[in-house]
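Just a sequence and a predicted model for now, questions to come.
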Amino acid sequence: MDYLEITLQTASDGIDLVANALTSGGFDSLVVEDQAEYENFLEDNRAYWDYIDEDFQAQLQGLSRIKLYLEVDGTEQAQLKKLEKVIAYLKKRFPDRNLGSLELEQKLLPETNWEESWKDNYPPQYVGEHLIVLPYWNAQATEGRIPIILDPGLTFGTGAHPSTRMVMAFLEERLKSGARVIDLGSGSGILSIAALRLGADSAVGVDIDPKAESIARENAAYNGFGPQVFTALTGNVTEDEELMAQLSAEPYDIVLVNIVADVIIGLAPVLPRFVKPDGLVLLSGILDVREQDVVSALTAAGLEIVERKADEDWRSLCARRRNPA
């Protein structure tokens, strides 16, 4: 079925009022695009990002609009008239509010299988010399590479970002068969799965978001890894001393940390507790302008940088725990 995409131009000060009026008028499934809302989201989650896509931010400059979709089934003209009545009500009821122009734009969207078309945005991702990241519906297209199978609709890391690709390349180069691995900030579990695919005996994934725990388990299952080799946990090792003691009781051959610079710096003092003498810590999610800050924190914690990788503006580090003198 074809759809009409209706775009209603509004303003940040009045966008919530307009959206509530549309909902009350029987229009649901609204898509709200607003610069102020985006910036508020960034501010509320400042601890979890280090980089903003400047091109995307430029596209949002001054943007405040609401989109809704009407089925082209013979009733769309009546729905449009109803929508115009809602707009007229808003203008009359709130003459002193900045609601924007409230101009309507229409665009015909031809029939599309929406349930399937989103999958086109997740082609195979080739990583390093031997790895390939595949969505679960295309799990057989390995092309002779070692597959890492994910549900990309669950987000939390799909292998497309340079920071993830660099850690996976480090794993491909440095992981030895039989290694024990822990991933601090595991998200989708992609790095733990990569380690297991490359020959690790076991992997533990830890994330502060409880949703990540079930997502990582599900992705591990797509790859044939059950609880006997993969453990997913929720927690914050810098704040939960009991969890840190539990996880660091038997140090690991490789520690993975793919987050952002400020979080890595906060973790740095405890990282040596997790890694064996001469074990490795593979770190990523570091913007080039923050690399030296991270290096300084790792060095102060007793870790030695042995290799760097660069991809676009991102940096990845391979560090080794120094043996006590």
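It's in.

all helices in this structure, in order from the N-terminus.
Assigned by DSSP state H, the chain shows helices spanning 15-24, 35-44, 54-60, 76-93, 114-117, 162-174, 190-197, 210-222, 241-247, 261-267, 291-300.

Return the most buried member of those helices.
Among the helices of the chain, the stretch with the highest mean neighbour count (mean count of other C-beta atoms under 10 Å) is helix 190-197, at a mean of 27. (Glycine included, C-beta is placed from N, CA and C.)

Residues in contact with that helix: which ones?
127, 131, 133, 146-150, 157-159, 164, 167-168, 171-172, 175, 179, 181, 183, 186, 202-205, 216, 219-220, 223, 225, 229-230, 254, 256, 258 (C-beta atoms under 8 Å, 6 or more residues apart in numbering).

if you set the cut-off to 6 Å instead, what comes out?
146, 148, 157, 159, 167-168, 171, 175, 181, 183, 186, 203, 205, 220, 223, 225, 256 (C-beta atoms under 6 Å, 6 or more residues apart in numbering).

now swap in stretch 88-108 and tell me
Around stretch 88-108, the neighbours that count as contacts under C-beta under 6 Å, 6+ apart are 4-11, 13-14, 18, 21, 87.

can I get the CA coordinates of that stretch in CSV?
Only the C-alpha atoms of stretch 88-108 are listed here, as CSV (Å, rounded to 0.1, in the frame of the first residue of the first chain):
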residue,chain,number,x,y,z
ALA,A,88,-6.6,25.6,12.8
TYR,A,89,-7.5,24.8,16.5
LEU,A,90,-3.9,25.2,17.6
LYS,A,91,-3.5,28.6,15.9
LYS,A,92,-6.8,29.9,17.4
ARG,A,93,-6.3,28.4,20.9
PHE,A,94,-2.6,29.4,21.3
PRO,A,95,-2.1,32.7,19.4
ASP,A,96,0.8,33.7,21.7
ARG,A,97,2.7,30.5,21.6
ASN,A,98,5.6,30.0,19.1
LEU,A,99,4.3,26.9,17.2
GLY,A,100,6.2,27.6,14.1
SER,A,101,4.7,28.0,10.6
LEU,A,102,2.5,24.8,10.9
GLU,A,103,2.9,24.5,7.2
LEU,A,104,2.1,21.1,5.7
GLU,A,105,4.2,19.3,3.1
GLN,A,106,3.0,16.1,1.4
LYS,A,107,5.1,13.3,-0.2
LEU,A,108,3.8,10.1,-1.8
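
what about the helices of the chain, which gets the closest to residue 310?
helix 162-174 (8.1 Å; C-beta to C-beta).

quick one: that closest one to chain centroid distance?
Counting by C-alpha atoms, centre = their mean, to the nearest Å, helix 162-174 is centred 17 Å from the centre of its parent chain.

Kindly report the same for stretch 90-104.
On C-alpha atoms, centre = their mean, the centre of stretch 90-104 falls 37 Å from that of its chain.

The chain should start at 13 in everything you say after this.
That works, and once the first residue is 13, the last one we named lands at stretch 102-116.

Check which residues of it are buried.
Residues 102, 111-112, 114 are the ones in stretch 102-116 that count as buried (16 or more other C-beta atoms under 10 Å).

And the residues you listed, which two are furthest apart?
102 and 112 (10.2 Å).

give me the low-pLDDT residue ranges for this protein?
Within the chain, the stretches with pLDDT under 70 are 13, 49-74, 123-133, 165-171, 335-337.

which one among the buried residues of stretch 102-116 gets closest to residue 154?
Distances from residue 154 to those, taken by C-beta to C-beta, are shortest for residue 112, at 50.6 Å.

Report the separation between the closest one and residue 249.
Distance, residue 112 to residue 249, using C-beta to C-beta, to the nearest Å: 46 Å.

what's the answer for residue 224, then?
The spacing between residue 224 and residue 249, counted by C-beta to C-beta, is 14 Å.

State which strand of this structure is the longest.
As assigned by DSSP state E, the longest strand anywhere in the chain is strand 287-299.

Which residues in that one does the neighbour count mark as buried?
Buried, per 16+ other C-beta under 10 Å, within strand 287-299: 287-288, 291-299.

Within the sheet, what are the partner strands of it, with directions?
When pairs are called by DSSP bridges, strand 287-299 turns out to pair with strand 264-270 (parallel), strand 326-333 (antiparallel).

Centre of the chain to the first one, how far?
So the one you mean is strand 264-270. How far strand 264-270 lies from its chain's middle: 19 Å, per C-alpha atoms, centre = their mean.
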